[in-house]
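In: Predicted model and sequence follow; I will ask about them next.
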Amino acid sequence: MQVLGVAPATTSTVDLAARRPHERPTAFEDWTVDGVPLRRLVADRWGVADLPVEMSRLWPEDPSSAVAGLRALLGEGAGDLRDGRVALLVCPVDQDLSCRALGARVRVGDDAVEWRDVGWQDDVEPFAPAPDEYGPLLGFRFGRAQYERLLRELLTAYQRRAAEAPSAAQPVPGPPRRWWRRHR
């Protein structure tokens, strides 16, 4: 059985909130399998040198999304995609599943948890679990006790972050706008 873990990671995202969009580094926690980052495993599997820019939902800037994703990975919440699959890596800009997500079918058994048919998809097209031109899809099998222990620790931490995060504040009204009429 493989061992699931997390490790600090950074990806480049576009800050759309800025007056002029610009790239910025974004820190998150990447999944690891036997100590190897999931993004590295994906890049190696598809034969590319660069890591995917997509990131896990273990992102301190959006703890509520992390909580929902962790619940789905534990089998306690709905999958992210229409077919019930769970997103492992999502768009780093807005976490929109229409961009592209690395998804998996999660199967929780008595002694093991499996991530089956790990592959790219979006929420528009159904996932086709056929091997692509690079060979069979990725799959992982974790010991259930270790898997659940890790995910429950992460769930507790991200629930705490979500509770401490400022709520969506109402905009503070600024000074009234002055509309000047031009007189000739």
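Out: Perfect, thanks for sending it. Numbering: from 1, shown residues only.
In: Report the separation between the two terminal residues of stretch 46-56.
Out: Separation of the first and last residues of stretch 46-56 by C-alpha to C-alpha, to the nearest Å is 18 Å.
In: Report how many residues lie close to the nearest residue to Leu155 once chain neighbours are set aside.
Out: Excluding the flanking residues, the one nearest Leu155 by C-beta to C-beta, 6 or more residues apart in numbering is Leu70, at 4.5 Å. Backbone N, C-alpha and C define where each C-beta goes, glycine included. If you count neighbours by other C-beta atoms under 10 Å, Leu70 ends up with 24.
In: For Leu70, give me phi and psi.
Out: Main-chain torsions, Leu70, degrees, to the nearest 10: phi -70, psi -40.
In: And it, how close does it get to Pro126?
Out: Separation of Leu70 from Pro126 (C-beta to C-beta, to the nearest Å): 25 Å.
In: circling back to that earlier point, what's the residue nearest to Leu155 in contact with, if anything?
Out: Arg57, Leu151, Leu154, Leu155, Tyr158 (C-beta atoms under 8 Å, 6 or more residues apart in numbering).
In: Please narrow those to those residing in helices.
Out: Leu151, Leu154, Leu155, Tyr158 (DSSP state H).
In: Can I get the residues you listed in CSV including pLDDT?
Out: As requested, the ones in helices among the contacts of Leu70 are exported to CSV (pLDDT from 0 to 100):
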residue, pLDDT
Leu151, 97
Leu154, 97
Leu155, 97
Tyr158, 95
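In: Which one (most neighbours) among those?
Out: In terms of neighbours by other C-beta under 10 Å, these top out with Tyr158 at 24 neighbours.
In: Which residue, other than its chain neighbours, is closest to that one?
Out: Computed as C-beta to C-beta, 6+ apart, the closest residue to Tyr158 that is not its neighbour in sequence is Ala66, at 4.1 Å.
In: Wasn't the one you found part of a helix?
Out: Yes. Ala66: assigned to a helix according to DSSP: H, G, I helix; E, B strand; the rest coil.
In: All set, thanks.
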